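A.B. asks: heads up, no residue letters with this:
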């Protein structure tokens with residue numbers, strides 16, 4: 001009994017020990033699991049915190065990256081170079097022909113009934129222009145219907161949206177865009193300038209919830225996933241418009257998870273930092289919409305011009321639908337390569353526009369039946385004016401750095417499309433005939449400027465229109481011949497106590513020494529000597545010997561000072577031959593020289609650029625007028641009087657029949673062996689410098705009057721010459737001079753002539769050599785001065 005009990009007890013104790021051991025093992029295991037769980041929890045918590053911290057730091061980095069680009073210079077944007085802003089006021093000179101020419105060049109479409117921006121209609125005396133929205137540099141001006149009534153070549157009445165006004169202005173011609181190094185071409189547009197219909201359709205197609213999400217749309221992603229699964233292929237993207245903006249502006253197109261993560265974070269940052277309108281405007285200007293050979297087409301502004309040759313405000317419904325359809329894939333829906341695909345995509349967009357009541361049923365039916373109205377060829381055939389643009393670029397580099405030029409600046413110039421086309425047309429029509437007369441191939445350069453403001457209106461650097469090579473107007477420095485003579489005579493006329501228009505100058509053979517010590521014997525063009533000639537006759541007939549005598553009498557240094565005073569910048573080697581134009585100048589330099597002569601003695605700086613405006617509308621640079629009286633009004637008037645006589649009875653007298661009943665002024669110039677043919681002329685508004693010559697510097701067989709003058713006359717005929725109006729200074733009066741003595745006389749002598757003169761300190765002779773003739777009719781000069 002005792003043994004059995006002991007055995008049972010032992011067995012029981014053994015079982016208890018096993019239970020205890022198992023329980024202990026379970027407790028140990030539970031403890032380890034708990035410790036592991038606690039460790040894992042804290043580890044995950046720490047890792048989560050670390051990841052959040054790293055994500056926070058990375059978000060700060062991305063935020064800086066986003067802000068740096070979005071608030072700084074977002075894009076390297078081309079410099080947009082515009083022509084002159086056309087201002088019209090009551091009484092302005094204007095013809096319907098010139099207005100139509102300017103509108104057509106600016107891509108306005110002539111229609112019978114004006115309905116949308118970019119259209120115009122004409123009647124016999126009225127023009128109706130639907131002016132596009134445009135920022136003239138002081139904020140965006142909305143599109144408006146402008147009515148201009150014209151009578152007898154002048155503006156009679158002006159209306160904006162049927163309200164009578166005193167002044168209207170039309171947006172200038174876009175001459176060209178100067179591309180940055182990135183070769184990315186854009187036309188920046190503000191959100192206000194984008195048609196509401198285009199914005200509504202874009203949001204409908206690309207991101208309906210744009211104004212309600214915060215950069216990433218989970219519902220949009222799920223909806224796109226469902227559509228793609230049902231279609232068995234990718235038919236819809238889940239990216240919001242903000243995500244698309246991030247992808248285009250900040251990231252590559254690699255399809256990786258890392259890129260998608262960056263895209264989502266940066267989209268959230270953009271939505272936090274900026275308004276929806278700011279993001280939508282950036283997208284409008286950033287989205288990639290096609291390829292023009294090596295240059296990408298970015299933004300709707302440029303896409304409108306690229307596909308249709310229109311501004312974004314001028315697009316119709318089907319054109320808007322086609323461009324919006326390009327967002328999905330510009331290469332796949334290339335309208336030139338795959339027109340059927342493009343039409344199918346366009347019609348889908350149009351159908352959605354109709355369903356959402358963006359367009360009416362009638363608009364939808366008309367639009368869906370219309371063909372693609374794209375340009376015929378992919379290559380943009382813009383009308384280029386490279387010679388003028390070279391002048392703009394040279395000036396632009398002096399006013400802005402290269403970095404500033406990539407920030408979307410707009411450059412407003414004085415370029416006149418009408419005058420440029422008239423200039424090129426004159427060359428095309430007249431130069432072939434001149435080449436036949438010359439028996440050789442000729443080159444040409446011409447500069448047209450408004451001498452009152454100094455702004456260059458048109459410029460040709462060679463006979464081939466659109467040639468972007470060597471610009472002879474700016475860089476071809478040739479001997480200027482007799483064009484220098486007005487500077488010599490100006491120096492004399494400023495000394496009115498010694499010289500006047502009737503002063504006698506010797507015209508006899510002379511011998512001088514040139515810079516090499518060799519004898520120099522100047523001769524008149526006709527080889528004759530007249531003994532003595534009046535100062536005005538020497539200039540009008542462009543006589544060489546009297547000019548040299550006058551210049552030597554005045555002193556070469558004084559002549560050099562007069563040339564510098566007129567605006568010539570380079571150093572001058574003072575030698576007698578300079579009196580007959582041995583100086584080398586470009587047509588542009590000559591044009592500058594004559595501005596104060598044409599402008600009643602007031603100097604202005606010759607220039608192309610009037611104003612430079614930033615992308616934000618701030619004026620970065622503006623031309624400041626000199627308005628400096630560098631020539632006395634008396635001397636300026638007397639010189640102008642003589643240059644007017646050059647065109648009526650002097651070397652340029654053919655203008656009297658080429659441009660009948662027009663009062664002009666000018667000076668011919670011909671260099672040795674007829675190598676260069678020059679003419680500088682002006683009417684009441686424009687100064688024109690013309691040069692004809694050969695690149696190999698061989699003779700042309702043309703004088704200034706038989707060559708360059710012909711081009712001047714043809715341009716003036718096409719442009720419409722405006723006769724000069726004389727402003728006689730108070731100290732200048734009409735005086736009678738004895739022809740033999742050159743002295744002022746009190747009586748009306750037969751052998752005398754009436755000439756304007758400065759009367760201050762003028763000494764009169766008491767008698768004249770020949771008795772006066774009775775009942776003599778008054779000349780036009782006497783009528784002008786009221787004598």
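C.D. replies: The structure has been received and is ready for your questions. Treat the numbers as computed from the prediction; the structure is a model and nothing was measured.
A.B. asks: ok, now how distant is residue 277 from residue 389?
C.D. replies: According to CB to CB, to the nearest Å, residue 277 and residue 389 sit 35 Å apart. The way it works is simple: take the backbone N, C-alpha and C, and place the C-beta from them, glycine included.
A.B. asks: go on, residue 740?
C.D. replies: 57 Å.
A.B. asks: same check, this time on residue 468
C.D. replies: Where residue 389 is concerned, residue 468 sits at a distance of 8 Å (CB to CB).
A.B. asks: of these two, who's got more company?
C.D. replies: residue 389 (21 against 14; other CB atoms under 10 Å).
A.B. asks: quick one: average confidence on the strand or helix carrying the more buried one?
C.D. replies: Assigned by DSSP states H and E, residue 389 belongs to helix 386-399. The average pLDDT within helix 386-399 is 94.
A.B. asks: That one: how far from the chain's middle?
C.D. replies: Distance of helix 386-399 from its chain centroid, counting by CA atoms, centre = their mean, to the nearest Å, is 9 Å.
A.B. asks: Following element in sequence after that helix, please.
C.D. replies: Remark: after helix 386-399, the chain's next helix or strand is strand 410-413, criterion DSSP H and E.
A.B. asks: Direction included, what does that next one pair against?
C.D. replies: With DSSP bridges as the test, strand 410-413 is paired with strand 79-82 (parallel), strand 609-613 (antiparallel).
A.B. asks: Which one of the ones you listed has the poorest average confidence?
C.D. replies: Looking at the strands paired with strand 410-413, the lowest mean pLDDT belongs to strand 79-82 (a mean of 90).
A.B. asks: Just the residues contacting it, thanks.
C.D. replies: The contact list for strand 79-82 (CB atoms under 8 Å, 6 or more residues apart in numbering) reads 172-178, 187, 389, 392, 396, 405, 408-413, 415.
A.B. asks: PyMOL command to pick out the buried ones of the residues you listed?
C.D. replies: Buried residues within those, by 16 or more other CB atoms under 10 Å, are selected in PyMOL with:
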select buried, resi 172+173+174+175+176+177+178+187+389+392+396+405+408+409+410+411+412+413+415
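A.B. asks: circling back: okay, the strands paired with strand 410-413 in JSON lines with mean neighbour count next?
C.D. replies: Shown next, in JSON lines, are the strands paired with strand 410-413 (neighbours: other CB atoms under 10 Å):
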{"stretch": "strand 79-82", "mean neighbour count": "22"}
{"stretch": "strand 609-613", "mean neighbour count": "21"}
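A.B. asks: mind giving me CSV with these and columns for distance to residue 150?
C.D. replies: Output for these, formatted as CSV (distance: least, CB to CB, whole Å):
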stretch, distance to residue 150
strand 79-82, 25
strand 609-613, 26
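A.B. asks: Okay, and the residue lying closest to residue 653 once chain neighbours are set aside sits in which element?
C.D. replies: Spatial nearest neighbour of residue 653, excluding adjacent residues (CB to CB, 6 or more residues apart in numbering): residue 647 at 6.7 Å. Assigned by DSSP H and E, residue 647 belongs to helix 633-649.
A.B. asks: So what's the model's average confidence on that helix?
C.D. replies: Mean pLDDT, computed over helix 633-649, is 97.
A.B. asks: Determine the set of other helices and strands touching that helix.
C.D. replies: Helices and strands touching helix 633-649, by 3 or more CB pairs under 8 Å, 6 or more residues apart in numbering; DSSP states H and E, are helix 485-493, helix 535-540, helix 587-598, helix 655-658, strand 665-670, strand 732-738, strand 752-758.
A.B. asks: same thing but 6 Å
C.D. replies: Judged by 3 or more CB pairs under 6 Å, 6 or more residues apart in numbering; DSSP states H and E, helix 633-649 is in contact with helix 485-493, helix 535-540, strand 665-670.
A.B. asks: can you give me the mean pLDDT across whichever helix or strand comes after the first one?
C.D. replies: I take that to be helix 485-493. Following helix 485-493 in sequence order, the next helix or strand is strand 504-507 (DSSP H and E). Summarised as a single mean, pLDDT over strand 504-507 is 96.
A.B. asks: and if you look at stretch 204-222?
C.D. replies: Here the average pLDDT along stretch 204-222 is 79.
A.B. asks: And it, what's buried?
C.D. replies: So, applying 16+ other CB under 10 Å, buried residues of stretch 204-222: 204, 205, 206, 207, 210, 213, 215, 216, 217, 220.
A.B. asks: which residues are contacting it?
C.D. replies: Under the criterion CB atoms under 6 Å, 6 or more residues apart in numbering, residues 203, 238, 240-242, 264, 267-268, 271, 276, 324, 349, 352, 356 lie in contact with stretch 204-222.
A.B. asks: Please pick the buried ones from those.
C.D. replies: 203, 238, 240, 241, 242, 264, 267, 268, 271, 324, 349.
A.B. asks: Is it possible to get CSV of the residues you listed that adds secondary structure and distance to residue 490?
C.D. replies: Formatted as CSV, the buried ones among the contacts of stretch 204-222 follow (DSSP: H, G, I helix; E, B strand; the rest coil; distance: CB to CB, whole Å):
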residue, secondary structure, distance to residue 490
203, helix, 68
238, coil, 78
240, coil, 72
241, helix, 67
242, helix, 68
264, helix, 75
267, helix, 70
268, helix, 72
271, helix, 69
324, helix, 65
349, helix, 69
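A.B. asks: Show me which pair in those is furthest apart.
C.D. replies: The distance between the two most remote of those (CB to CB) is 29.0 Å, for 268 and 349.
A.B. asks: those strands in the stretch 1-150 of the chain, which residues are they?
C.D. replies: 79-82, 86-89, 109-110, 119-122, 126-131, 134-135, 140-141, 144-151 (DSSP state E, counting those that start in this stretch).
A.B. asks: same thing with the stretch 201-350 of the chain?
C.D. replies: In the stretch 201-350 of the chain, the strands defined using DSSP E, counting those that start in this stretch lie at 288-292, 295-298.
A.B. asks: quick one: which of these is nearest residue 518?
C.D. replies: Nearest to residue 518, of all these, is strand 295-298, at 59.1 Å by CB to CB.
A.B. asks: centre of the chain versus the closest one, how much separation?
C.D. replies: 21 Å.
A.B. asks: and it, which strands flank it?
C.D. replies: In the sheet, strand 295-298 lines up against strand 185-186 (parallel), strand 288-292 (antiparallel) (DSSP bridges).
A.B. asks: for it, which positions count as buried?
C.D. replies: 295, 296, 297, 298.
A.B. asks: Quick check: of these, which lies closest to residue 34?
C.D. replies: Nearest to residue 34 among the buried residues of strand 295-298, counting by CB to CB, is residue 298 at 60.8 Å.
A.B. asks: any idea how far the closest one lies from residue 250?
C.D. replies: Residue 298 is 14 Å from residue 250, by CB to CB.
A.B. asks: quick one, domains of this structure?
C.D. replies: The chain is divided into the following domains under automatic domain parsing: 1-72, 87-176, 183-369, 384-478+590-727, 481-582, 732-785.
A.B. asks: Quick check: end-to-end length of the longest one?
C.D. replies: When the termini of domain 384-478+590-727 are compared using CA to CA, to the nearest Å, they are 40 Å apart.
A.B. asks: how about low-confidence regions in the stretch 451-600 of the chain?
C.D. replies: Scanning the stretch 451-600 of the chain with the threshold set as pLDDT under 70 gives 515.
A.B. asks: repeat that for 80
C.D. replies: Residues of the stretch 451-600 of the chain that meet the criterion pLDDT under 80 lie in 468, 514-517.
A.B. asks: hey, where'd the helices end up in the stretch 301-450 of the chain?
C.D. replies: 317-326, 339-355, 361-369, 386-399, 417-438 (DSSP state H, counting those that start in this stretch).
A.B. asks: Give me whichever of those helices is most buried.
C.D. replies: Among the helices of the stretch 301-450 of the chain, helix 317-326 has the highest mean neighbour count (mean count of other CB atoms under 10 Å), at a mean of 25.
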